[in-house]
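[1] Got a predicted structure plus its sequence, pasted below:
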Amino acid sequence: MQKNGVSKVNESLIHVEESCFERPQHNSLKPLQASAHPPRILMLYGSLRERSYSKLLTLEAARLLEAMGAEVQIFDPMDLPQPDAAPDSHPRVVALREAAAWSEGMVWCSPERHGAMTGIMKSMIDWIPLSVGAVRPTQGKTLALMQVCGGSQSFNAVNQMRILGRWMRMITIPNQSSVAKAFLEFDEAGRMKPSAYYDRVVDVMEELVKFTWLTRDVSPYLVDRYSERKESAEALSKRVNQKSI
């Protein structure tokens, strides 16, 4: 059917399971009661060096988040085993997963090494499962990305982590930070010097807090999917039919 030269979608959606199809409702994006507690942010950095610039950048960002009213946990990757080299019950793995479950948003900060995020950064992310039973520890949570570079500015690490954030079903904010020649951007006390790089970190943390406020109370609705509702319905039908046999 056409009106004013514009095609309209056929009202008969022959491939859609009607019982699982929902029309998005604007009112569902308004929580019945907004959370009053501070945004809970977990911060991960991908280096074990004694003077780690990714850690220093993470600490600088944590100060900003706390000044903006957030509650922060920083996970130290020291003594975290490689994925599959230890059981899930390893104390450091348990601590990481508990922190991920506690959080409403995350900050991932990695050095760029050989044009990519570090193995340590990837190991931490790999230890956070996509699902634990019926619970997805990262789905619907916000994510901000930062990296430090030894040379000129690059975005390889943040771009890789952005892909991982999507894979982990996180709401990755648009802004990001990449600090070039990081060894020049911190003083002897480990504090970041004033610069355009520092201003960008402020921007990123501000945006993360805003997105966390905006989405944390409605994230279950935001990530609810037709295909998963359909799959759940099919699984339920299968179980019922098996019982009846």
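    Cool, got the structure. Numbering: from 1, shown residues only.
[2] Every contact and neighbour count from this point should use C-alpha atoms.
    OK.
[3] Distance check, the residue nearest the centre of the chain against residue 36.
    With distances taken as Cα atoms, centre = their mean, the chain has residue 143 as the residue nearest its mean C-alpha position (3.5 Å). Distance, residue 143 to residue 36, by Cα to Cα, to the nearest Å: 20 Å.
[4] With residue 86 instead?
    38 Å.
[5] The two: who's more crowded?
    residue 86 (11 against 7; other Cα atoms under 10 Å).
[6] Next up, the contacts around the more buried one.
    Residue 86 makes contact with no residue under the criterion Cα atoms under 8 Å, 6 or more residues apart in numbering.
[7] Residue 151 now?
    Neighbours of residue 151 in contact, by Cα under 8 Å, 6+ apart: 180-182.
[8] again, but for residue 175
    Shown in contact with residue 175 (Cα under 8 Å, 6+ apart): 144-145, 203-204, 207.
[9] how does it look with 10 Å?
    144-146, 200-201, 203-208 (Cα atoms under 10 Å, 6 or more residues apart in numbering).
[10] can you check residue 79 too?
    So residue 79 contacts 48, 91-93 (Cα under 10 Å, 6+ apart).
[11] do residue 148 as well
    By Cα under 10 Å, 6+ apart, residue 148 lies in contact with 52-57, 109-113, 117, 154-155, 157-158, 177-183.
[12] Need the pLDDT of it.
    Here, the pLDDT recorded for residue 148 equals 97.
[13] quick one, phi psi at it?
    Per-residue torsions, residue 148: phi -120, psi 150 (degrees, to the nearest 10).
[14] just the strands in the protein please.
    In the chain, the strands defined using DSSP state E lie at 2-3, 6-7, 40-45, 71-75, 105-111, 142-148, 171-179.
[15] would CSV of those with distance to residue 215 be doable?
    Converted to CSV, the strands of the chain look like this (distance: least, Cα to Cα, whole Å):
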stretch, distance to residue 215
strand 2-3, 37
strand 6-7, 34
strand 40-45, 13
strand 71-75, 17
strand 105-111, 10
strand 142-148, 8
strand 171-179, 9
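[16] So which of the contacts of residue 79 are in helices?
    91-93 (DSSP state H).
[17] Highest neighbour count among these?
    Of the ones in helices among the contacts of residue 79, with other Cα under 10 Å as the count, residue 93 tops at 22 neighbours.
[18] Which of the ones in helices among the contacts of residue 79 sits closest to residue 230?
    Among these, residue 93 lies closest to residue 230 (Cα to Cα), at 33.4 Å.
[19] Tell me how far that closest one lies from residue 123.
    Taking Cα to Cα, one finds residue 93 at 11 Å from residue 123.
[20] Tell me the residues that contact both of those two, please.
    The contact sets of residue 93 and residue 123 overlap at 77, 80-83 (Cα under 10 Å, 6+ apart).
[21] Drop anything exposed from those.
    77, 80-81, 83 (16 or more other Cα atoms under 10 Å).
[22] Make a markdown table out of those and add pLDDT.
    Formatted as a markdown table, these follow (pLDDT from 0 to 100):
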| residue | pLDDT |
| --- | --- |
| 77 | 95 |
| 80 | 95 |
| 81 | 95 |
| 83 | 93 |
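[23] circling back to that earlier point, let me know the closest of the ones in helices among the contacts of residue 79 to residue 132.
    The closest of the ones in helices among the contacts of residue 79 to residue 132 turns out to be residue 93 (Cα to Cα; 13.6 Å).
[24] That closest one against residue 87, yeah?
    Yes - between residue 93 and residue 87 there is a contact under Cα atoms under 10 Å: 8.4 Å.
[25] Which residues are in contact with each of these two?
    residue 81.
[26] Nice, that's everything, thank you.
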